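**Q** my questions concern the predicted model and sequence given below.
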Amino acid sequence: MTADAKPRVAVHKFSSCDGCQLAFLNAGEALLELAGLVDIVHFAEAGPVDPAAVVDIAFVEGSISTPEERERIAAVRANSRYLVTLGACATSGGLQALRGLADVNDWTEAIYASPEYIHSLAEASPIADHVKVDLQLWGCPVNGRQVLAAVASLLQGVPPVDDRGKVCQQCKREQAVCVMVTQGLPCMGPVTRTGCGALCPRFGRDCYACFGPAENSNTTALGRRLEGLGLPPEAIRRRFLFISNGAPEFRAAAAQWGEE
Amino acid sequence: MSEQRDIRIRVPVLARVEGEGALNLTIHDGDIEQLQLQIYEPPRYFEKFLEGRSYTEVPDMVARICGICPVAYQMSAVHAIEQAFGVDPGPWVRDMRRLLYCGEWIQSHALHIHLLALPDFLGFDSVTGMAAEHAEEVRRGLRLQQLGNDIIALLGARSVHPVGSRVGGFHHAPDQAAVDALLPRVARGVEEAAALLRWCAGIALPDDHQAFTSVALRHPAEYPMNRGRLVASDGLDIDIADFDDHFEEQHVPHSTALHARYHDRPYLVGPLARINLDADRLRPEVRQLLVETGVRFPSDNMFHSLLARAVEIHESLLEARDLLAAYRHTDRPWVPVTPRAGVGFGCTEAPRGVLWHRYELDEAGRVVTARIVPPTSQNQGRIEQDLRDSLLAFGLDHDDAALRLRAETVIRNYDPCISCATHFLRLEVERR
């Protein structure tokens, strides 16, 4: 980017629920401010459409689940200086990555029953499986502060803070009462990346890992703890195979508790 | 029209709609030869994922079908499952669910009016251009959107994929202090919503009258959200469990979303359909404001959907104000639930219209089968019918850019939620 031109930003959508784009559309006054600081050249849901634009920052929402999306993400990569994934689908495949665990024969037969109008891949996979990603923002959904902070950092040319700590630690900082200790709930906080603000434990319920795996997570120990709480192996598997089921750490943890 | 021309209009990416769609329009010899609202957003197979999951997991899963109306998915799901289990969560939960839904209607409608729809009617490409000329109105709209989000967050901790709902009620009852802090903002929002409706009523909208059937919930006393019977403007009045006797989903080649039909015809769901069928259930203050502004419902002008959304924002803020003013904290915001095998139906009014769910559960409360009919797949046939009618009424002799803009305006007017519509493509699998 040159000194006098405003940085160019694009928001691209792949297979997703559109919830992470709302980090921008729900930003209110900050959205108008952002529009003054950068040129938003492609953001179909907000108005501008120019999918082939060359940009400084491309935000990517959603996972790759069709051959067309596979080609499109390669073009986005080629046109973008920084590529930032926005949320669980783009970063680990999202809930729809569960299709990769389904009975592949049935699914393939189903999907290709009408090949003239359905083009679908067997897996819904994260962006990083296809192209280089410069920054990953976890969360289902990402939160607005996280996204705007990333934009601000990138515009200043400094690497954004990447907090890989655990929800469990956040709970302590928030002085939230532990729902696993006090209520025996199967909380995923000990292995889940922070960023949400420990919303679920603070609401008296168990974390369901929508921000994906934290660093150095001891998923084996958590699995045993869940077993100790009385969960059958199948329920323990499902705890790991939820929003962030495509994350390798969680796939491996689930495999310890049985096969599909 | 003297000059005959062949026109092919392709809008490969529809802007200012939620999700991914396209439009194909071919005009030949002064007539529309082909018109397709293409929905190519990949199917995400949610109903399949739900199979085998515990009822406790369902609210957090179905939310992910749509980032804009996750509350609607959670509400239809919990109602269906509670029906299957024979659970009544009681008046506290019922009120708070209504409050939660008010939040979603307010944020979704404010988002649509200001960021997606109004730029069309005021001559802008996007909200940022519009904000330069209508700064105060845009800021008011963003404040209303924020207020809706904050009402959701009060009960759900966050506005996108909120975490507060469970089968039987809520995980958490808001502190009185949080309610007290929100109430004055909601009271101010009531005034802003009235101002929004007055402003929208003064905007020149296309005058385009069409024949269509409206379908919505109807409740004996309330403007419909969570409960009621399913009614239509032709006199249909059925229990939600009888949906399949009158509505059918079909698969068309140009769409990864199913088209739903009512007695084999397209129909309308959403804000205009609701207000056409339930205007007498609006609060007196809201009806009074309609009289003052000269806005009349029922209306057969589809572009009055914009006004219907503004009316519903006003109604929702009044409802939210009263519910917050009457709020009493409880230590048990849910009732205990005992699973049993059975079938349950849930039908609630998502911001975009009727959202119908059916679950079959086993004795442990695991999902055996799930079926979800979202509003946009119901409106798809109506959108195509509307496009045909309104482009003919508009005049096919307009230049391509004008035709294209009118077509896009018609589509955006429905606030189509394409991610919702393509949650699943139902396919028959033959097993040999």
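**A** That came through fine. Numbers count the residues shown, from 1 in each chain, chains lettered A, B, ... in the order given.
**Q** the host helix or strand of residue B:318 packs against which elements?
**A** Using DSSP states H and E, residue B:318 maps to helix B:305-325. The helices and strands touching helix B:305-325, judged by 3 or more C-beta pairs under 8 Å, 6 or more residues apart in numbering or on different chains; DSSP states H and E, are helix B:90-111, helix B:135-156, helix B:176-201, helix B:271-278, helix B:284-293. Bear in mind the C-beta positions are built from the backbone N, C-alpha and C, glycine included.
**Q** among those, which is nearest chain A?
**A** helix B:135-156 (4.3 Å; C-beta to the nearest C-beta).
**Q** can you give me the angle the closest one makes with helix B:90-111?
**A** Per axes from the mean of the first three to the mean of the last three C-alpha atoms, to 10 degrees, the angle that helix B:135-156 makes with helix B:90-111 is 150 degrees.
**Q** list the residues that contact residue 5.
**A** Just so you know, I chose chain A. Not one residue lies near residue A:5 by C-beta atoms under 8 Å, 6 or more residues apart in numbering or on different chains.
**Q** try chain B instead
**A** Taking C-beta under 8 Å, 6+ apart as the criterion, residue B:5 is in contact with residue B:27.
**Q** if I look at it, how far off is chain A?
**A** From residue B:5 over to chain A the distance is 26 Å, taken as C-beta to the nearest C-beta, to the nearest Å.
**Q** mind checking pLDDT for that residue?
**A** According to the prediction, residue B:5 has pLDDT 71.
**Q** and the helices in the stretch 1-150 of chain A, which stretches?
**A** A:22-25, A:29-37, A:67-78, A:88-92, A:104-111, A:144-156 (DSSP state H, counting those that start in this stretch).
**Q** hmm, back to that, tell me the helix or strand right after the helix holding residue B:318.
**A** As assigned by DSSP H and E, the chain's next helix or strand after helix B:305-325 is strand B:342-350.
**Q** ok, residues contacting that next one?
**A** Residues from elsewhere that reach strand B:342-350 (C-beta under 8 Å, 6+ apart): B:69, B:72-73, B:75-86, B:101, B:104, B:216-217, B:224-227, B:230, B:240-241, B:243, B:274, B:354-361, B:374-375, B:420.
**Q** again with stretch A:168-182
**A** A:185-187, A:189-190, A:192, A:194, A:196-198, A:200-202, A:204-206, A:225, A:229.
**Q** CA-only coordinates of that stretch in PDB, if you can.
**A** In PDB, the C-alpha atoms belonging to stretch A:168-182 read as follows (Å, rounded to 0.1, in the frame of the first residue of the first chain):
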ATOM      1  CA  CYS A 168     -10.300 -21.900  32.200                       C
ATOM      2  CA  GLN A 169      -7.800 -19.200  32.800                       C
ATOM      3  CA  GLN A 170     -10.200 -16.500  31.700                       C
ATOM      4  CA  CYS A 171     -12.800 -17.800  34.200                       C
ATOM      5  CA  LYS A 172     -10.300 -17.300  37.000                       C
ATOM      6  CA  ARG A 173      -9.600 -13.800  35.800                       C
ATOM      7  CA  GLU A 174     -13.300 -13.100  35.700                       C
ATOM      8  CA  GLN A 175     -13.800 -14.800  39.100                       C
ATOM      9  CA  ALA A 176     -16.400 -17.000  37.600                       C
ATOM     10  CA  VAL A 177     -17.500 -20.000  39.700                       C
ATOM     11  CA  CYS A 178     -16.200 -23.200  38.100                       C
ATOM     12  CA  VAL A 179     -19.200 -25.100  36.700                       C
ATOM     13  CA  MET A 180     -17.300 -28.400  36.500                       C
ATOM     14  CA  VAL A 181     -16.300 -28.300  40.100                       C
ATOM     15  CA  THR A 182     -19.500 -27.000  41.600                       C
END
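**Q** tell me the pLDDT of the closest residue in space to residue B:305 that isn't next to it in sequence.
**A** Nearest non-adjacent residue to residue B:305, counting by C-beta to C-beta, 6 or more residues apart in numbering or on different chains: residue B:272, 4.4 Å away. pLDDT, residue B:272: 98.
**Q** who is residue 8 paired with across the strands?
**A** No chain specified, so I'll use chain A. Residue A:8 has these beta-bridge partners by DSSP bridges: residue A:39.
**Q** that was the other one, I meant chain B.
**A** Here residue B:8, judged by DSSP bridges, has bridge partners residue B:26.
**Q** how about the one 10 residues further on?
**A** Taking DSSP bridges, one finds residue B:417 as the beta-bridge partners of residue B:18.
**Q** ok so, going back, who's in contact with the residue nearest to residue B:305?
**A** The contact partners of residue B:272, by C-beta under 8 Å, 6+ apart, come to B:214, B:299, B:302, B:304, B:305, B:308.
**Q** count the residues that sit near the second one.
**A** In terms of burial, residue B:299 registers 18 neighbours under the definition other C-beta atoms under 10 Å in any protein chain shown.
**Q** report pLDDT for residue 203.
**A** I went with chain A, as the question did not name one. With respect to pLDDT, residue A:203 scores 97.
**Q** my bad, chain B
**A** Note on residue B:203: pLDDT of 95.
**Q** next: residue B:180.
**A** At residue B:180, pLDDT is 98.
**Q** from residue A:129, how far off is it?
**A** Distance of residue B:180 to residue A:129, given as C-beta to C-beta, to the nearest Å: 49 Å.
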